[in-house]
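In: return atomic coordinates for the entry below.
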Amino acid sequence: MFKFILRRILETIPVLLCVAAMTFFMCRLAPGGPFDDDKKVTAEVRELLAKQFKLDQPLYKQFIDYVVNLPNLQSFKHPTYTVGGIISEKFPVSAKLGFFAMSIALGLGVLFGVIASLRPNTYIDYIPSSLAMIGICLPTFVMGPLLILAFSLKLDWFPATGWGGFSGDQFFSSDMVLPSLTLGFFYAAYISRLTRGGMLDILTQDYIRTAKAKGASGLRVILKHALRGGLLPVISFMGPAVAGLIAGSFVIETIFNIPGLGQDFVQSAFNRDYTLVLGVVMFYATLIIVLNLIVDILQVILNPKLKFD
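Out: The predicted structure is shown next:
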């Protein structure tokens, strides 16, 4: 396993360098600059700002400086903050949103998928499958406003915006329900279909029939024998799901006005804040690679047929 992890880590180095290069040069190819909106800034001041942020240097030197010193670089629009400081301050909010959304997705998705697999081609199967199809067809930017309209404006059950209550530091509050549901329900639909397919395949295996013939109860067969193999497709989906949760959180944070890293990333892209854009992209790219590595290790642990090659 150590060799497998070491090889994967070495493989990530050129991947991260390619991501950094593509992000850096795409930002520079975009029209405008970080100080174009500052209409009151004179040409002399712009020249001094360009020198301060090393924008007067050749692009290859800027790129090397960005890659080497990225966490300690100043944000163009927030010069009192470093890129690492902004990420460390805002990411916990986005991580909490992703955690709650993934918990909802796994809880609802696995539950509905198992229920649907126990009675295939009956109404017990059709109802969860239909709900899953609705969840897949409705994107988060449509689901969010619909939930706000129904549960905030009409029923007044949950706040429409905000995060963490009045103090902003509560672990869980009512204003976290709608954003987590909006982001989690979309992935619960996929997990439900994957769980159903995996369970249907496992429930036809010989060792399941043997367990039933030995007198094992239905609940024991599902929890001890079937669920481990039936969840393998879900484990494989976790890597892309986490990436989707990260990308989807940008939209959710904008809709529900959540002070997470997604809002800062969107604003930095509009403001041509090169250092912050590159820092957030590199941070999330590293996070996705690490989570995919964890998913690959879990697959080998859960599936004896797989080995660390």
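
In: distance of R272 relative to Y66?
Out: Distance of R272 to Y66, given as CB to CB, to the nearest Å: 14 Å. All C-beta spots, glycine's among them, are computed from the backbone N, C-alpha and C.

In: so where's this protein uncertain?
Out: Along the chain, the parts satisfying pLDDT under 70 run over 32-47, 49-50, 52-53, 55-56, 162, 164-171, 247, 303-309.

In: please enumerate the helices of it.
Out: For the chain, the helices defined by DSSP state H cover 2-29, 43-52, 59-69, 83-118, 123-137, 140-147, 177-202, 206-213, 218-220, 227-230, 232-255, 261-270, 274-302.

In: just these: most buried one?
Out: Greatest average neighbour count among the helices of the chain goes to helix 177-202 (a mean of 23), per mean count of other CB atoms under 10 Å.

In: now for that helix, which elements pack on it?
Out: The elements that helix 177-202 packs onto, with contact taken as 3 or more CB pairs under 8 Å, 6 or more residues apart in numbering; DSSP states H and E, are helix 83-118, helix 123-137, helix 140-147, helix 227-230, helix 232-255.

In: which of the helices of the chain sits closest to F158?
Out: helix 177-202 (5.0 Å; CB to CB).

In: kindly export stretch 179-188 (C-alpha atoms) in CSV.
Out: This file holds the C-alpha atoms of stretch 179-188, laid out as CSV (Å, rounded to 0.1, in the frame of the first residue of the first chain):
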residue,chain,number,x,y,z
PRO,A,179,-28.5,25.0,1.6
SER,A,180,-27.5,21.5,2.8
LEU,A,181,-30.7,20.0,1.4
THR,A,182,-30.3,21.8,-1.9
LEU,A,183,-26.8,20.6,-2.4
GLY,A,184,-27.3,17.1,-0.9
PHE,A,185,-30.6,16.1,-2.6
PHE,A,186,-29.0,16.3,-6.0
TYR,A,187,-26.3,13.8,-5.1
ALA,A,188,-28.7,11.7,-3.0
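
In: what does that stretch rub up against?
Out: Stretch 179-188 has contacts (CB atoms under 8 Å, 6 or more residues apart in numbering) with 97-98, 100-109, 112, 132, 135-136, 138-140, 143-144, 147, 163, 241, 244-245, 248-249, 252-253, 255-256, 258.

In: picking up where we left off before, with distance to P159 added, can I get the helices of the chain in JSON lines?
Out: Output for the helices of the chain, formatted as JSON lines (distance: least, CB to CB, whole Å):
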{"stretch": "helix 2-29", "distance to P159": "35"}
{"stretch": "helix 43-52", "distance to P159": "40"}
{"stretch": "helix 59-69", "distance to P159": "39"}
{"stretch": "helix 83-118", "distance to P159": "15"}
{"stretch": "helix 123-137", "distance to P159": "23"}
{"stretch": "helix 140-147", "distance to P159": "12"}
{"stretch": "helix 177-202", "distance to P159": "8"}
{"stretch": "helix 206-213", "distance to P159": "46"}
{"stretch": "helix 218-220", "distance to P159": "39"}
{"stretch": "helix 227-230", "distance to P159": "36"}
{"stretch": "helix 232-255", "distance to P159": "13"}
{"stretch": "helix 261-270", "distance to P159": "17"}
{"stretch": "helix 274-302", "distance to P159": "27"}
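
In: for S75, which of the ones you listed is the nearest?
Out: helix 274-302 (4.8 Å).

In: by how many degrees do the closest one and helix 2-29 diverge?
Out: 150 degrees (axes from the mean of the first three to the mean of the last three CA atoms, to 10 degrees).

In: hmm, back to that, now the helices and strands packed on helix 177-202 in a markdown table, with distance to T210?
Out: Listed next are the helices and strands packed on helix 177-202 as a markdown table, based on distance: least, CB to CB, whole Å:
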| stretch | distance to T210 |
| --- | --- |
| helix 83-118 | 19 |
| helix 123-137 | 25 |
| helix 140-147 | 43 |
| helix 227-230 | 14 |
| helix 232-255 | 20 |
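
In: looking at those helices, which is nearest to N72?
Out: Nearest to N72 among these is helix 83-118 (6.5 Å), distances taken as CB to CB.

In: give me the angle between that closest one and helix 140-147.
Out: Here the directions of helix 83-118 and helix 140-147 differ by 80 degrees (the same axes, to 10 degrees).

In: packing partners of helix 83-118?
Out: Using 3+ CB pairs under 8 Å, 6+ apart: helix 83-118 touches helix 123-137, helix 177-202, helix 227-230, helix 232-255, helix 261-270, helix 274-302.

In: repeat the analysis, applying 7 Å as the threshold.
Out: When contacts are defined as 3 or more CB pairs under 7 Å, 6 or more residues apart in numbering; DSSP states H and E, helix 83-118 sits against helix 123-137, helix 177-202, helix 232-255, helix 261-270, helix 274-302.
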